[in-house]
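Chemist: A predicted structure for the sequence below; I have some questions about it.
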Amino acid sequence: MELLLAPWPWYVSGPLIGLTVPLLLIFGGRVFGMSSSLRHVCAAVYPGKVEYLRYDWRKEGLWLLLMVLGLVVGGYIGGNVLRAENSVAISSETVNDLSQLGISDIQGLAPVSLFSWSSLFTWPTILLLVVGGFLIGFGTRWANGCTSGHGITGLANLQWPSLLAVTGFFIGGLFATHLLFPLIF
Amino acid sequence: MSLRNKLIFIAIGIYFGIVISKSEAISWFRIQEMFRFQSFHMYGLLMSGVVTAALSLKVIRWFDIKTIDGQPIEVAPKETKPWKAYLLGGTCFGIGWAFTGACPGPLYTLIGTGLTIMAVPLLFAFVGAWTYGYLKPKLPH
């Protein structure tokens, strides 16, 4: 039980993440990739006159929206029921770098000083959550996939577009972390 | 869709949600550590995930495994885009990944853990996806 409650090491959780691909293929006949769910929700809620959103979302996407429901439940279980401590074992160099940016509450899943409702109307939080969220939706739909669809499924299937997309993920992430963060904080 | 199939997708979602929260792949701190190259954790996760998925696909093809409904298994995407879309779209997402510390899957999972503020980036991820659809005819592809 203690092993279950502690964070799982990468060599346990990595293969378990990878197994999602054959599980979905064999038991659901579907290809793993989470970001299409954003499109399906738009198509279901407000397709407007946008060609990209006018399709049968129930036929294409209901399975993924059900999986999304599971993800929320899984997050509740993994983040509460199966969780003993609130600390994160990140490297001391990262702790150091973040404290130089003024981020010193290193616990939980994100710094509460930035990721809380009470900080919502401060500039760093608006940038991180509003602009960041927008770019997740815009970018993953433009690139046709995210970390799961390209990073796991696409690379495992040796699809070269996925390697390009993952290269882009890192160009963007490194640019944001090393050039934008010092300007934001 | 039959009730059985619905329950299967919900169950796989629960499985994936538990695994990514226990792996700390949904932690903003871990994503920062990754983009600063200060730990092997996230790279180990991604690489062992890819290797496991790749071996699984080999096994599926080798033994010609079918879905539980007897259908053949097809993985390749139906449409591909020109290279600019992957690189430029990927770069946009990368910035969002570093900002929020989350990919689309973790956005939902984080809300489940109780970090309800992640409903804000999720809402704007929907706006972003909608905007992409609106601008699609005008974007370089």
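Modeler: On my side now, so go ahead.

Chemist: alpha carbons only for contacts and neighbour counts from here, please
Modeler: Fine.

Chemist: Quick check, central residue of chain A?
Modeler: Nearest residue to the geometric centre of chain A (C-alpha atoms, centre = their mean): residue A:147, 7.2 Å.

Chemist: where does the nearest residue to residue A:82 once chain neighbours are set aside land on pLDDT?
Modeler: Nearest residue to residue A:82 in three dimensions, chain neighbours excluded: residue A:5, at 4.9 Å (C-alpha to C-alpha, 6 or more residues apart in numbering or on different chains). Each residue has a pLDDT score; the one for residue A:5 is 90.

Chemist: Count the neighbours of residue A:5 for me.
Modeler: 16 (other C-alpha atoms under 10 Å in any protein chain shown).

Chemist: quick check: longest helix of chain B.
Modeler: For chain B, the longest helix by residue count, based on DSSP state H, is helix B:41-62.

Chemist: what's the next secondary structure element after that one?
Modeler: The helix or strand immediately downstream of helix B:41-62 is helix B:83-100, counting by DSSP states H and E.

Chemist: Determine if any part of that next one is in contact with chain A.
Modeler: Yes: using C-alpha under 8 Å from any C-alpha of the partner chain, we find that helix B:83-100 touches chain A at B:83, B:85-100.

Chemist: mind checking how far the helix or strand hosting residue A:58 is from the chain centre?
Modeler: Using DSSP H and E, residue A:58 falls within helix A:57-76. Centroid separation for helix A:57-76 versus its chain: 15 Å, with C-alpha atoms, centre = their mean, to the nearest Å.

Chemist: Quickly check: it near chain B or not.
Modeler: Yes: Helix A:57-76 is in contact with chain B by C-alpha under 8 Å from any C-alpha, via A:63-64, A:66-76.

Chemist: ok, so of those residues, who is nearest residue B:25?
Modeler: Nearest to residue B:25 among the residues of helix A:57-76 next to chain B, counting by C-alpha to C-alpha, is residue A:75 at 11.8 Å.

Chemist: okay, the closest one: pLDDT?
Modeler: Reported pLDDT for residue A:75: 97.

Chemist: I'd like to know how far it sits from residue B:92.
Modeler: According to C-alpha to C-alpha, to the nearest Å, residue A:75 and residue B:92 sit 26 Å apart.

Chemist: Checking residue A:94 next. Helix, strand or coil?
Modeler: The three-state assignment at residue A:94 reads helix, by DSSP: H, G, I helix; E, B strand; the rest coil.

Chemist: for it, what are its contacts?
Modeler: Residues near residue A:94 by C-alpha atoms under 8 Å, 6 or more residues apart in numbering or on different chains: B:32-33, B:36, B:38.

Chemist: out of residue A:75 and residue B:92, which sits in the busier spot?
Modeler: residue A:75 (33 against 27).

Chemist: Looks like the more buried one contacts residue B:110 (just checking).
Modeler: Yes: between residue A:75 and residue B:110 a contact is recorded at 6.1 Å, counting by C-alpha atoms under 8 Å.

Chemist: shared neighbours of these two, which are they?
Modeler: residue B:21.

Chemist: Can you check the pLDDT for the closest residue in space to residue A:152 that isn't next to it in sequence?
Modeler: Spatial nearest neighbour of residue A:152, excluding adjacent residues (C-alpha to C-alpha, 6+ apart): residue B:50 at 5.0 Å. Turning to residue B:50, the model gives it a pLDDT of 98.

Chemist: my read: residue B:50 touches residue A:150, true?
Modeler: No: using C-alpha under 8 Å, residue B:50 is not in contact with residue A:150, being 10.1 Å away.

Chemist: just to revisit the earlier point, contacting residues for the residue nearest to the centre of chain A?
Modeler: By C-alpha under 8 Å, 6+ apart, residue A:147 lies in contact with A:33, A:166, B:103.

Chemist: is it possible to export those to JSON lines including distance to residue A:98?
Modeler: Formatted as JSON lines, these follow (distance: C-alpha to C-alpha, whole Å):
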{"residue": "A:33", "distance to residue A:98": "31"}
{"residue": "A:166", "distance to residue A:98": "25"}
{"residue": "B:103", "distance to residue A:98": "21"}
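
Chemist: Which strand or helix spans the residue sitting nearest the centre point of chain B?
Modeler: Taking C-alpha atoms, centre = their mean, the centroid of chain B lies closest to residue B:105, which sits 5.3 Å from it. Using DSSP H and E, residue B:105 maps to helix B:104-113.

Chemist: tell me what that helix is packed against?
Modeler: helix A:57-76, helix B:3-22, helix B:119-135 (3 or more C-alpha pairs under 8 Å, 6 or more residues apart in numbering or on different chains; DSSP states H and E).

Chemist: Right, I'll call it a day here.
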